[in-house]
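In: Take a look and give me a structure for this.
(chains A and B)
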Amino acid sequence: MAGADIEWALAWIRDSAAVVTEHREELIDLDRAIGDGDHGENLHRGFTAVLGKLDAAEPATVGDVLKLVATTLMSTVGGAAGPLYGTAFLRGAKAADAAELDAAGVAAVLAAGVEGIVARGKAEVGDKTMVDAWTPAAAAAQQVADGGGSAAEALRAAADAARAGAESTDPLVAHKGRASYLGERAIGHRDPGAESSALLLEAAAAAAGV
Amino acid sequence: MATALVLVSHSAQLAAGLLEVASQMAPEVAIRAAGGTEDGRVGTSFDLVQQAVEAALADGADGVVLLTDLGSATLTAESVLEMLDDDRVRLADAPFVEASVAAAVAAQGGDDVDAVLAAAWTAIDAFSSSRAPEPSGSAEPGSAAEAAGEDAAGDEAAATRSLVLTNALGLHARPAAIVARKVSEFDAQVTINGVDAASVLALMALGLTGGAELELSASGAQADGALEALAAEIESGFGED
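Out: Numbers count the residues shown, from 1 in each chain, chains lettered A, B, ... in the order given. Take a look at the predicted model:
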């Protein structure tokens, strides 16, 4: 199995578009419960726009793919998700200036993504946001890299950690975003940004064949 | 130094409305609205904000200050700043209306981007909890600008003048801006009814309408000149009615 190369990146993003479309209603429902109800719609619109641009693109690096995703999402995804995902992909792109990433490269991209989300949204783990999915994902990928694993293994570890992180948001009270106005009414509801993050990172692993 | 403003809002109407108000107070400042999404829905558009900033710079602004309404508008503005990576472009994450108005008045006075940004940030103090009504109903309004006013007037030989507002609407937005700009032209510290007359927000917070009495107090090298100039504006009803 090859590393995380341009073919992988393109497959990941195409699969992500399919995944957010498939889960659009679910994400809308999650966001309706504790937000303003547009997360699924926003991501669907954003990734549909990304698909349109991918066809015309000629990326020379994984970073080129991620940067295209960043600028497109920033322009087309409303709410907080646009700037947050946009900045995650933008910072990730800077760490992906290669035609192929190994496990350390994958870990660096995820770490840069987390840094971008935190810089923009200023959330911490436990605030019931996408940070609760991304932070453990980045840590898991780094562990695989430190242990000499492959890029694919790093992606799988990241996906599993993101899924667990998203589930960990269920019992929490929110400290950021619209949900933070709900107090204890947010308890028992999954954070939509954490859920979509888990879906995207699971698509990344699936695109690597794991 | 020409500092331009970009008003970022979830609503095109809200941004346009605030532009209207701020332009009335600062007629020569380049202010652009970037509200709503590109297809006219509620939300913020990275592209609209970026285009507004780039247009301002292309038109010759030396600096651009962004003002935002809520939450994700601030995130979008920050994302544009990150992408542009140009330190002539800044953001004040302060109450939208108050910060925009304070920034516009500062820009009208020819302030550079740092000074306009600082003026925008003063909006954070425009409301303080001591202004919330107390059960006794005898609470005095308190604000940073009022404290500054007390410091500015000082104890010693301040020149004073008592006047009455002759225009029906009194010290509303446009006259408050005229007063604040006029004060900034003089080497003097001026208070009106105890608040800093250089602060457009503090003046508006007085809520004074036509017929209200004004107590002006000025100190500094050009105190008399400042009082004369302000008296002329006030007695002419700021050119209204």
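
In: So which residue is smack in the middle of chain B?
Out: B:Ala102 (1.7 Å; Cα atoms, centre = their mean).

In: which residues touch it?
Out: B:Ala102 makes contact with B:Ala119, B:Ala120, B:Thr122, B:Ala123, B:Ala126, B:Ser199, B:Val200, B:Leu201 under the criterion Cβ atoms under 8 Å, 6 or more residues apart in numbering or on different chains. In this view, the C-beta of every residue, glycine as well, is placed from N, C-alpha and C.

In: Could you do B:Ala168 as well?
Out: B:Thr209, B:Gly210, B:Glu240, B:Asp241.

In: Now do the same for it: helix, strand or coil?
Out: Counting by DSSP: H, G, I helix; E, B strand; the rest coil, the backbone at B:Ala168 sits in coil.

In: Dihedrals phi and psi, it?
Out: B:Ala168 adopts backbone torsions of phi -60, psi -40, taken as degrees, to the nearest 10.

In: In PyMOL, how would I select the buried members of the contacts of B:Ala102?
Out: Selection of the buried residues among the contacts of B:Ala102 in PyMOL, burial being defined by 16 or more other Cβ atoms under 10 Å in any protein chain shown:
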select buried, chain B and resi 119+120+122+123+126+199+200+201
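
In: which one in the contacts of B:Ala102 is the model shakiest on?
Out: Of all the contacts of B:Ala102, B:Ala126 has the smallest pLDDT value, namely 77.

In: Name all residues that make contact with the spatially closest residue to B:Glu28 that is not a sequence neighbour.
Out: Distance criterion Cβ to Cβ, 6 or more residues apart in numbering or on different chains; nearest residue to B:Glu28, sequence neighbours excluded, is B:Gln108 at 6.0 Å. Counting by Cβ under 8 Å, 6+ apart, B:Gln108 makes contact with B:Met25, B:Ala26, B:Pro27, B:Glu28, B:Val29, B:Ala177, B:Arg181.

In: Can you report how many residues lie near the second one?
Out: Which is B:Ala26. 24 (other Cβ atoms under 10 Å in any protein chain shown).

In: Name the helix or strand for the residue nearest to the centre of chain B, please.
Out: Using DSSP states H and E, B:Ala102 falls within helix B:96-108.

In: State the mean pLDDT of that helix.
Out: 96.

In: Any chance you could list what contacts the helix or strand just after it?
Out: Next in sequence after helix B:96-108, counting helices and strands by DSSP H and E, comes helix B:113-121. By Cβ under 8 Å, 6+ apart, the list of residues contacting helix B:113-121 from outside reads B:1, B:3, B:5, B:62-65, B:67, B:88, B:90, B:92, B:94, B:99-100, B:102-103, B:105-107, B:111.

In: Which among those residues count as buried?
Out: Going by neighbour count (16+ other Cβ under 10 Å), these have B:3, B:5, B:63-65, B:67, B:88, B:90, B:92, B:94, B:99-100, B:102-103, B:105-107, B:111 buried.

In: shouldn't A:Ala138 be in contact with A:Ala111?
Out: Yes. If you go by Cβ atoms under 8 Å, A:Ala138 and A:Ala111 touch, sitting 4.8 Å apart.

In: out of the two, which sits in the more crowded spot?
Out: Neighbour comparison, A:Ala138 and A:Ala111: the larger count goes to A:Ala138, with 24 against 20 (by other Cβ under 10 Å).

In: element containing that one?
Out: helix A:131-146.

In: Show me where chain A has its strands.
Out: Applying DSSP state E to chain A gives strands spanning A:4-5, A:100-101.

In: Quick check: which of these is nearest to chain B?
Out: strand A:100-101 (22.9 Å; Cβ to the nearest Cβ).

In: Which secondary structure state does the closest residue to B:Met25 other than its chain neighbours sit in?
Out: In space, and not counting its chain neighbours, B:Met25 is closest to B:Ala177: 3.6 Å by Cβ to Cβ, 6+ apart. Assigned state for B:Ala177: helix (three-state reduction, three-state DSSP).

In: Chain A: helices as residue ranges?
Out: Secondary structure of chain A (DSSP state H): helices at A:6-22, A:24-34, A:39-56, A:62-76, A:81-94, A:103-121, A:131-146, A:151-168, A:192-207.

In: need those helices in a markdown table with mean pLDDT and distance to chain B, can you?
Out: Listed next are those as a markdown table, based on pLDDT from 0 to 100; distance: least, Cβ to the nearest Cβ, whole Å:
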| stretch | mean pLDDT | distance to chain B |
| --- | --- | --- |
| helix A:6-22 | 96 | 18 |
| helix A:24-34 | 92 | 13 |
| helix A:39-56 | 93 | 9 |
| helix A:62-76 | 94 | 4 |
| helix A:81-94 | 95 | 4 |
| helix A:103-121 | 96 | 6 |
| helix A:131-146 | 98 | 14 |
| helix A:151-168 | 97 | 21 |
| helix A:192-207 | 97 | 12 |
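
In: Could you say which one of those helices comes nearest to B:Thr166?
Out: helix A:81-94 (49.0 Å; Cβ to Cβ).

In: So which elements touch that closest one?
Out: Other helices and strands packing on helix A:81-94, by 3 or more Cβ pairs under 8 Å, 6 or more residues apart in numbering or on different chains; DSSP states H and E, are helix A:39-56, helix A:62-76, helix A:103-121, helix A:192-207, helix B:46-58, helix B:71-84.
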